[in-house]
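S.K.: Build me a structure from this.
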Amino acid sequence: MGLEIERKYLVKNDSWRGLGTPVSLRQGYLCLDPERVVRVRAAGNKGTITIKGKTQSLARTEFNIPISREDADAMLDSLALRPLIEKNRTCIPFAGHIIEVDEFFGENAGLIVAEIELESETEHVDLPEWIGQEVTGDPRYLNANLIRNPYSAWKQRG
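M.R.: Numbers count the residues shown, from 1 in each chain. Here you go, the predicted model:
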C-alpha cells in the first residue's frame, strides 16, 4: 500500500524560477468522494491514474497506476470533471528533499504552491526563502477542491 505524507506552502516570490525544468501537467478527476478521489494525469508521454484516500493529519493512502498518454488524454477529454487542472510542475532539490512547485493556469491561474513529500509526519524540513505560508491544513488548496472551487472564484470574492 502506498502512503503519501506531504506539506504544502504558498510561494512568495519568483526566486524559484530557473532552479528546475518545468513539466506541463494536465489532470482531472473521475471521482471526488469525501473518502477517496480518482485522478487522471497526462504529463510528457505518460499517463497515470491515481487513487487517494482521505487525508488523516498529513498522510493518506495513494496508489499510482501507469497508463498510456493516449488513454489519459481520452479520459481527460471525455470523463473528467471540469474544469481540468492545468499546471507546470518544477521539481527543485533542496536540503535533501525535492520541492515540487506547481504554477496553475486556466481557472486556477495566479496560484503557485510548493509541496514537499516526507518520510514521516514528524520529519523536520528546511525551507528556502521563497517558501511562504504553510497551507497544508487548508482544503481549498487540494487539487481536487480546485475543481469545485477554482482559485479564480476566490479572487472574485475578495
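
S.K.: okay, CA-based contacts and neighbour counts for the rest of this
M.R.: OK.

S.K.: List the contacts of the residue nearest to the spatial centre of the chain.
M.R.: The centroid of the chain falls nearest to Asn143 when counting by CA atoms, centre = their mean (5.5 Å). Applying CA atoms under 8 Å, 6 or more residues apart in numbering, one finds that Asn143 lies in contact with Ile85.

S.K.: Check what pLDDT it gets.
M.R.: pLDDT for Asn143: 92.

S.K.: can you give me the strands in this protein?
M.R.: 3-11, 23-33, 36-43, 46-53, 59-68, 85-94, 97-104, 112-117, 131-134 (DSSP state E).

S.K.: quick one: which of these is nearest Leu79?
M.R.: Nearest to Leu79, of all the strands of the chain, is strand 23-33, at 6.6 Å by CA to CA.

S.K.: who touches the closest one?
M.R.: 37-44, 76, 79-90, 144.

S.K.: Got a quick ChimeraX command for the buried subset of the residues you listed?
M.R.: Burial among those is assessed by 16 or more other CA atoms under 10 Å; the matching ChimeraX selection reads:
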select :37,38,39,40,41,42,43,76,80,81,83,84,85,86,87,88,89,90,144
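
S.K.: how long is stretch 136-153 from one end to the other?
M.R.: Its first and final residues considered, stretch 136-153 spans 20 Å by CA to CA, to the nearest Å.

S.K.: Tell me the buried residues in that stretch?
M.R.: Buried positions in stretch 136-153, judged by neighbour count with 16+ other CA under 10 Å: 136, 140-141, 143-144, 146-147, 149-152.

S.K.: quick check, nearest of those residues to Ile99?
M.R.: Checking the buried residues of stretch 136-153 one by one against Ile99 (CA to CA), the nearest turns out to be Thr136, at 14.1 Å.

S.K.: So what does that closest one have for phi and psi?
M.R.: The phi/psi pair for Thr136 (degrees, to the nearest 10) reads phi -50, psi -50.

S.K.: does it really touch Lys8, like I thought?
M.R.: Yes: Thr136 lies in contact with Lys8 (CA atoms under 8 Å); the separation is 4.6 Å.

S.K.: of the strands of the chain, which approaches Arg17 most closely?
M.R.: Between those, strand 85-94 lies closest to Arg17; by CA to CA that is 8.5 Å.

S.K.: If you count contacts, what does that closest one end up packed against?
M.R.: Applying 3 or more CA pairs under 8 Å, 6 or more residues apart in numbering; DSSP states H and E, we find strand 85-94 packed against strand 23-33, strand 97-104, helix 143-148.
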